[in-house]
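*Asks:* sequence plus predicted model, see below.
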Amino acid sequence: MNYDVINKFRELYGTAPEKYATSPGRVDLMGSHTDYNHGFVVTMPINLEIECAFSANDSEIISLYSCNMDTLVKIDAKNGDLIEGANWGKYPSAVAKILINEGHKLKAFSGSFGSSIPIGSGLSSSAALEATVMAVLAETSGFKLDKLRMALLCQKAENVGVGVNCGILDQYSVIFGEPHKVIKLDCRKLTHKQVSWPKDIMVAICNTNKPRQLHGSEYDDRRAQCEEAVVVFSKIDSSIDKLRDVSIDFFQKHKDKLSAESAKRAQFIIEENNRTHELEEALRNGKTDRLKGIFERSYTGARDLFEISNDAMEHMYAAMSTATGVVASRQAGAGFGGCMVSLIYKDQLEEFKKSVHTTYLELSGIECEIFGVSTARGTFTEDL
Ligand code: GLA
């Protein structure tokens, strides 16, 4: 537990907090942009997390302090409006509004939170904040939400309240996380299963320190180009509803009916979705020698077909894939900067870090951050 949030709570509100809530971040190991195409993602909740100390209060004002930003926001518990505070207040405000729209009467709380998830870097810092606030509000207001409902409501808060048209990956991953489990999420059925994991391999996350901004039109453009392909393909086969339904053979046969851009996007999604199955199978059969190739094809597809890479990512990929102890490397999150991910040999984390740091600095002139991570439990609250 991060005791700063507890001390900060005491300092701000003059009493000890009664409860604690936390939510992990996540990193995707395969399946970029497949979620809104109703495909699969191999995803991992990680032990970089948000931690929040809180108590219900008898006012009608939610007061929430961010230790990272050093700012306090105030939200009206009756209507979810942001009364006072910083830009990040739009997330708790959106969550409160969604819950109120669902018919819940909210009991206000006072809280202070801190986060070890790098902000806006593709590790679901916003989903973790949404899930934490939703769990806190359910606890103080005395209602229960099952995990799937919570994930869908947090996604709605992000889509409607914050205005980012994301899929379900982030919210589902941070809420359903379980220790020791890397999962394969089915984004159509909204179910998941555990994938096997090799004992000697761990996950390292490398932050390019080039922040990623999902508000740009790029993410929405990619979604639209995928949908454009579906419109064309569904005229040929009416059972096609999303790119998940398109086989690579069908794609090859009919790709000339798509615009050049839409064809590249669709090819990436169809192949990337297939790679989630390939990865699962390689892990199940202990074929670790196949991981490098699967990850490499994911990155080159993301760069050349889906076009979500940039100079910083290209430099980071070069640094990661040549580093000591590396097994496989690729992008993470939405792309366009932010974090990338490697599988590495557990006993070589320090050498890997040193090597990536030096090469990336040489290539890009930027100092990067590297985290060796493990799996983590999904969002929960407990008494202090
Ligand atoms: C962001 C979105 C997710 C998903 C990924 C790309 O993280 O929030 O819904 O689309 O990008 O896989």
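*Replies:* Great, that's in hand.
*Asks:* state the distance from K193 to the ligand.
*Replies:* 19 Å (C-beta to the nearest ligand atom, to the nearest Å). C-betas here are computed from N, CA, C, even on glycine.
*Asks:* what packs against the host helix or strand of that residue?
*Replies:* Taking DSSP states H and E as the definition, one finds K193 inside strand 191-195. If you count contacts as 3 or more C-beta pairs under 8 Å, 6 or more residues apart in numbering; DSSP states H and E, strand 191-195 packs onto strand 182-186, helix 260-284.
*Asks:* which one of these lies nearest to the ligand?
*Replies:* Distance to the ligand, taken as C-beta to the nearest ligand atom, is lowest for helix 260-284 among these, at 9.0 Å.
*Asks:* next, the angle from that closest one to strand 191-195.
*Replies:* With axes from the mean of the first three to the mean of the last three C-alpha atoms, to 10 degrees defining the directions, helix 260-284 sits at 50 degrees from strand 191-195.
*Asks:* please see if helix 260-284 touches the ligand.
*Replies:* No: on the criterion C-beta under 6 Å from any ligand atom, helix 260-284 is out of touch with the ligand, staying 9.0 Å away.
*Asks:* by contact count, what packs against that helix?
*Replies:* Counting by 3+ C-beta pairs under 8 Å, 6+ apart, helix 260-284 packs on strand 19-30, strand 40-56, strand 191-195, helix 217-236, helix 248-254, helix 291-304.
*Asks:* pick the most deeply packed of those.
*Replies:* strand 19-30 (a mean of 27; mean count of other C-beta atoms under 10 Å).
*Asks:* could you dump the helices and strands packed on strand 191-195 into JSON lines with distance to H104 added?
*Replies:* Listed next are those as JSON lines, based on distance: least, C-beta to C-beta, whole Å:
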{"stretch": "strand 182-186", "distance to H104": "27"}
{"stretch": "helix 260-284", "distance to H104": "35"}
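*Asks:* which of these sits closest to A128?
*Replies:* A128 lies closest, by C-beta to C-beta, to one member of these: strand 182-186, at 16.5 Å.
*Asks:* is whichever residue of the stretch 201-350 of the chain sits closest to the ligand in a helix, a strand, or coil?
*Replies:* The stretch 201-350 of the chain approaches the ligand most closely through A334 (3.4 Å), counting by C-beta to the nearest ligand atom. With DSSP: H, G, I helix; E, B strand; the rest coil as the basis, A334 sits in coil.
*Asks:* burial count for S329?
*Replies:* 27 (other C-beta atoms under 10 Å).
*Asks:* average pLDDT for the helix or strand harbouring it?
*Replies:* Using DSSP H and E, S329 sits in strand 326-331. On average, the pLDDT along strand 326-331 is 98.
*Asks:* cool, stretch 130-141 as well?
*Replies:* 98.
*Asks:* for that stretch, list the C-alpha coordinates in PDB.
*Replies:* C-alpha atoms of stretch 130-141 as PDB (Å, rounded to 0.1, in the frame of the first residue of the first chain):
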ATOM      1  CA  GLU A 130     -12.700   5.400 -13.700                       C
ATOM      2  CA  ALA A 131     -12.900   2.000 -12.200                       C
ATOM      3  CA  THR A 132     -11.500   3.200  -8.900                       C
ATOM      4  CA  VAL A 133     -14.000   6.000  -8.700                       C
ATOM      5  CA  MET A 134     -16.800   3.700  -9.600                       C
ATOM      6  CA  ALA A 135     -15.800   1.200  -7.000                       C
ATOM      7  CA  VAL A 136     -15.600   4.000  -4.400                       C
ATOM      8  CA  LEU A 137     -19.000   5.400  -5.300                       C
ATOM      9  CA  ALA A 138     -20.600   1.900  -5.200                       C
ATOM     10  CA  GLU A 139     -19.100   1.300  -1.800                       C
ATOM     11  CA  THR A 140     -20.100   4.700  -0.200                       C
ATOM     12  CA  SER A 141     -23.600   4.700  -1.800                       C
END
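*Asks:* that stretch vs the ligand: in contact?
*Replies:* No: using C-beta under 6 Å from any ligand atom, we find that stretch 130-141 stays clear of the ligand, coming within 11.2 Å at best.
*Asks:* so what touches that stretch?
*Replies:* 19, 21-23, 50, 52, 54, 56, 64, 91-92, 94-96, 99, 104-109, 111, 113, 144-145, 150-151, 153-154, 157-158, 171, 174-175, 378-381 (C-beta atoms under 8 Å, 6 or more residues apart in numbering).
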